[in-house]
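Visitor: the following block contains a protein sequence and its predicted model.
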Amino acid sequence: MTTEERRNAILDTLARADQPVSATALARRFGVSRQIVVGDVALLRAGGADISATPRGYVILPAASGLVRRLAVRHGEDGIEAELNAMVDQGCTVLDVIVEHPLYGQLTGPLQISNRYEVGQFLSRSRQSEALPLSELTEGIHLHTLSCPDEAAFQRARQALRELGILLEE
């Protein structure tokens, strides 16, 4: 398999996948190192492919369906689980987390978390990696982009965050 064929196969694999695919899984599938896959994905992105790296692996994100809205919150690392559960329990998908960095501007981390199982997986990976959340850069202030089935679901998510005392409002 040539390099170009492998890159096309990576794109095809991601386009057909119904969940994120890790660089390690792609490396095994194509008989190359994980670092080769990381480089391939970087070059595919540079060439215009809409590949996102999520905490669970690479995805080609579908267009968000339903109502897409952002909201601002503030909490410490100990509030992550309650925050994410409050949003997914209302039927919303947490598409990303966004912080404003003084040097780089907006930093966005794709999440694609839709249910409590995925919240648990995210928290487990966070503990195992000992990585700090992006919100540590901004004293806990961050945004989330949500995809909700309708306005009522979004308002329920806002209210749940308000009740937790973490929703930033005007």
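Guide: Good, I have the coordinates. Numbers count the residues shown, from 1 in each chain.
Visitor: give the contact list for the residue nearest the centre of the chain.
Guide: Within the chain, one residue has its C-alpha closest to the average C-alpha position: by Cα atoms, centre = their mean, that is residue 111, at 1.4 Å. With contacts defined as Cβ atoms under 8 Å, 6 or more residues apart in numbering, the neighbours of residue 111 are 54, 55, 94, 95, 96, 97, 122, 144. All C-beta atoms are positioned from the backbone trio N, CA, C, and that covers glycine.
Visitor: 7 Å instead, please
Guide: By Cβ atoms under 7 Å, 6 or more residues apart in numbering, residue 111 lies in contact with 54, 94, 95, 96, 97.
Visitor: are there helices or strands packed against the helix or strand bottoming out on mean pLDDT in the chain, and which ones?
Guide: Among the secondary structure pieces of the chain, namely its helices and strands, strand 51-54 has the lowest mean (mean pLDDT, DSSP states H and E), a mean of 84. For strand 51-54, the elements it packs on are helix 34-46, strand 57-60, strand 105-113, judged by 3 or more Cβ pairs under 7 Å, 6 or more residues apart in numbering; DSSP states H and E.
Visitor: mean neighbour count, these: which tops it?
Guide: Per-residue neighbour counts averaged over each of the helices and strands packed on strand 51-54 give the maximum for strand 57-60, namely a mean of 19 (mean count of other Cβ atoms under 10 Å).
Visitor: can you name the element that comes right after that strand?
Guide: strand 67-74 (DSSP states H and E).
Visitor: just checking, what packs against that following strand?
Guide: Using 3+ Cβ pairs under 7 Å, 6+ apart, the elements in contact with strand 67-74 are strand 141-148, helix 151-164.
Visitor: before we move on, back to that, can you say which of the helices and strands packed on strand 51-54 is nearest to residue 159?
Guide: Go through those one by one with Cβ to Cβ and the one that ends up closest to residue 159 is strand 105-113, at 19.2 Å.
Visitor: the least confident helix or strand of the chain pairs with which strands, and in what direction?
Guide: Strand 51-54 has the following strand partners under DSSP bridges: strand 57-60 (antiparallel).
Visitor: average pLDDT across the partner strand?
Guide: Strand 57-60 carries an average pLDDT of 89.
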